[in-house]
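> Pasting the sequence and the predicted model now:
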Amino acid sequence: MLETFHLKQQCEKLKQDLAHALYKEDASARVIARLIKERDAARQALLQTEQNVGRAAAAAQAQAGGVAAMDIDDSKKGGSAAAASGDLPSFAQQLISNTSAALSKTRKANV
């Protein structure tokens, strides 16, 4: 009878140890799954950011090329004084006014 009692105690202890080990394994699997999900989301965000930066850099480079050509044209016309003072050159002001007028017309037409 004493031997049966000890065997039952050992069996209970083994059940508890097994339950604890299974719980730890399940918890670690959930943590790993969450970390993999976060890693994939971070990689996707990084990829999108790199693509956006690439597009922005290409646009900035295209603008810089256009601005450099405009600066050369302005310097021939004496527009460098306006650029140095921080004012917009007259062609830029004209472009802004024309674009604003065109957009206002389309907004009014849509309402």
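Okay, I see it.

> Only C-alpha atoms from now on, for both contacts and neighbour counts.
Noted.

> Let me know the helix or strand that Q51 is in.
Using DSSP states H and E, Q51 falls within helix 2-77.

> Could you report the neighbour count for H6?
H6 sits with 11 neighbouring residues when counted by other CA atoms under 10 Å.

> How is this protein partitioned into domains?
2-77, 86-111 (automatic domain parsing).

> next structured bit after the helix or strand of the chain with the lowest mean pLDDT?
Using mean pLDDT, DSSP states H and E, helix 80-85 stands out as the lowest-scoring helix or strand of the chain, at a mean of 45. Per DSSP H and E, helix 80-85 leads on to helix 90-110 as the next helix or strand towards the C-terminus.

> What lies in contact with that next one?
Where contact means CA atoms under 8 Å, 6 or more residues apart in numbering, no residue beyond helix 90-110 reaches it.

> tilt between it and helix 2-77?
Here the directions of helix 90-110 and helix 2-77 differ by 120 degrees (axes from the mean of the first three to the mean of the last three CA atoms, to 10 degrees).
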